[in-house]
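Q: need coordinates for the following:
(chains A and B)
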Amino acid sequence: QSALTQPASVSGSPGQSITISCTGTSSDVGGYNYVSWYQQHPGKAPKLIIYAVSNRPSGVSNRFSGSKSGNTASLTISGLQAEDEADYYCNSYRSISSPYVFGTGTKVTVL
Amino acid sequence: EVQLLESGGGLVQPGGSLRLSCAASGFTFSNYAMNWVRQAPGKGLEWVSAIVVGGSTYYADSVKGRFTVSRDNSKNTLYLQMSSLRAEDTALYYCAKDYGDYYLYYFDYWGQGALVTVSS
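A: Below you'll find the model as predicted:
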């Protein structure tokens, strides 16, 4: 059960936009519109920030946006802020026998 | 307000057993699928197990045959029975509510986690 591939780290200056990729296969990311993204600050539980590829839960900043093309999903953070410094994980539905797979995780640093 | 409170973590020897519990409140527990997700120290998230409305269960290959997920809807509680524990099972175990009921979609609420340490 190999994990989805994310860059280990991404950085940007305050106010800039950054994009985190999440690459899978046609059996997971490419095959379903059930990609979600989670933000995790140090010592805290993960928090849902994007579901079903591009939808934001109530209360999540509109600076976060999601998209998908083929087997790769992406999370974009626009207007980067210090509070966005955290780890980010993608997740996708995979199959009925083993439904979920996470990405390897990306550490976002605000310079 | 949705709340998920894990308990039952601790230190256990290799080959031993442990049962985690997750007490849920703030939503109709019986109407939703539930999950366990773990995070080894300094590592990423790993989905472990799920149980949907109706009781069907799903497991990651890494725990299949050793872990058993169950739920008691009368007590609004999710369980994870872990046996034949290995050092690589050492992790913070999160209880996570699913958006779905009979099908799995994404994790919309998370607990704070219960730490399981497998060591002699």
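
Q: tell me who's in contact with the spatially most central residue of chain B.
A: The centre of chain B sits closest to residue B:36, judged by CA atoms, centre = their mean, with a distance of 2.8 Å. Residue B:36 makes contact with B:20, B:22, B:47-50, B:69, B:78, B:80, B:93-96 under the criterion CB atoms under 8 Å, 6 or more residues apart in numbering or on different chains. C-beta here means a position set from N, CA and C on the backbone, and glycine is covered the same way.

Q: same list (those residues) but as a markdown table, adding neighbour count and distance to residue A:19.
A: Shown next, in a markdown table, are the contacts of residue B:36 (neighbours: other CB atoms under 10 Å in any protein chain shown; distance: CB to CB, whole Å):
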| residue | neighbour count | distance to residue A:19 |
| --- | --- | --- |
| B:20 | 22 | 36 |
| B:22 | 26 | 34 |
| B:47 | 24 | 24 |
| B:48 | 24 | 29 |
| B:49 | 25 | 32 |
| B:50 | 24 | 30 |
| B:69 | 21 | 35 |
| B:78 | 27 | 35 |
| B:80 | 26 | 35 |
| B:93 | 24 | 31 |
| B:94 | 23 | 27 |
| B:95 | 29 | 31 |
| B:96 | 27 | 26 |
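
Q: narrow the residues you listed to those in strands?
A: Judged by DSSP state E, strands contain the following of the contacts of residue B:36: B:20, B:22, B:47-50, B:69, B:78, B:80, B:93-96.
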